[in-house]
Each structure stands twice: as structure tokens, then as C-alpha cells.
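In: Below is the sequence, then the predicted model.
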Amino acid sequence: MEDLKQSNEIQIELSDEIAQGTYSNLAIISHSSSEFVIDFVRIVPGAPKAKVKSRIILTPEHAKRLWMALKDNIDKFEQQNGSIRLQSDQGFLPPLGGIGQA
């Protein structure tokens, strides 16, 4: 059993550059019959354009696994830190405008 467990392990490597992360305050999700595309965007208040900082392409199965993992982690976060409040009048866009908001 231990040999089987060890043979299924995958070592994941994280470079220093990737470990720094990329800030995004908007995700745009689209799909076809065979894939989901998630574009992570950074919107800067007052700027006429917003840049896609990263694009992730997933199979439908992996998109659903990501959704389940996000839900599980959000549930755990809210158990420890309280409910995450969303401003209902903002829709899907992050709040923009005012000093210090992004």
C-alpha cells in the first residue's frame, strides 16, 4: 500500500518568479464545448484599458474540480474569519473609484 501511495505522488516545483504571484481584481470566464478559459485581469482606476495578466485554460472536468476546491476553501475561510461580504450593487466588477480602491 505504501509503495502504491508513493508512486502516485507528484512533486510540484515553484520558481521564485511564479511564487511572487500576480495580482488580479477581475476574472473573465468563457467556455467552449471542450474547454474553459479564465483570464485574470488587473483593473486600475482611471486607466482606459485593463490588461490580462494571466490566462488559464482548463478542461471542463478540471474547471469543476477548481470550482469545488475554491468552494471548499472559501467555506473554510469563512468558518475562521466570518462571511465574505460582496457589495450587491457592484455586480461582477470590482469596486472602482475613490482613493485607495482597486
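Out: Nice, thanks for sending it over. The structure displayed is predicted, hence computed values, not measured ones.
In: Okay, now the unreliable bits of the protein?
Out: 1-6, 88-102 (pLDDT under 70).
In: And the helices in it?
Out: Along the chain, counting by DSSP state H, helices occupy 2-7, 16-19, 60-81.
In: Just name the most buried of the ones you listed.
Out: Ranked by mean neighbour count, the helices of the chain are led by helix 60-81 with a mean of 11 (mean count of other C-beta atoms under 10 Å). All C-beta spots, glycine's among them, are computed from the backbone N, C-alpha and C.
In: Show residues contacting that one.
Out: Contact with helix 60-81 is made by 31, 34-36, 58, 84, as judged by C-beta atoms under 8 Å, 6 or more residues apart in numbering.
In: Apply 10 Å and report the result again.
Out: Contact with helix 60-81 is made by 29, 31-38, 56-59, 83-84, as judged by C-beta atoms under 10 Å, 6 or more residues apart in numbering.
In: who wins for most neighbours among these?
Out: Among these, residue 36 has the most neighbours (other C-beta atoms under 10 Å), with 19 neighbours.
In: show me the contacts for that residue.
Out: Contact partners of residue 36, counting by C-beta under 10 Å, 6+ apart, are 29-30, 56-64, 66-67.
In: Output those as a markdown table; include the columns distance to residue 50.
Out: A markdown table is the format used below for these (distance: C-beta to C-beta, whole Å):
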| residue | distance to residue 50 |
| --- | --- |
| 29 | 15 |
| 30 | 16 |
| 56 | 17 |
| 57 | 20 |
| 58 | 22 |
| 59 | 27 |
| 60 | 27 |
| 61 | 30 |
| 62 | 26 |
| 63 | 23 |
| 64 | 27 |
| 66 | 23 |
| 67 | 24 |
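In: Nearest to residue 13 among the residues you listed?
Out: Distance to residue 13 across these (C-beta to C-beta) is lowest for residue 56, with 17.8 Å.
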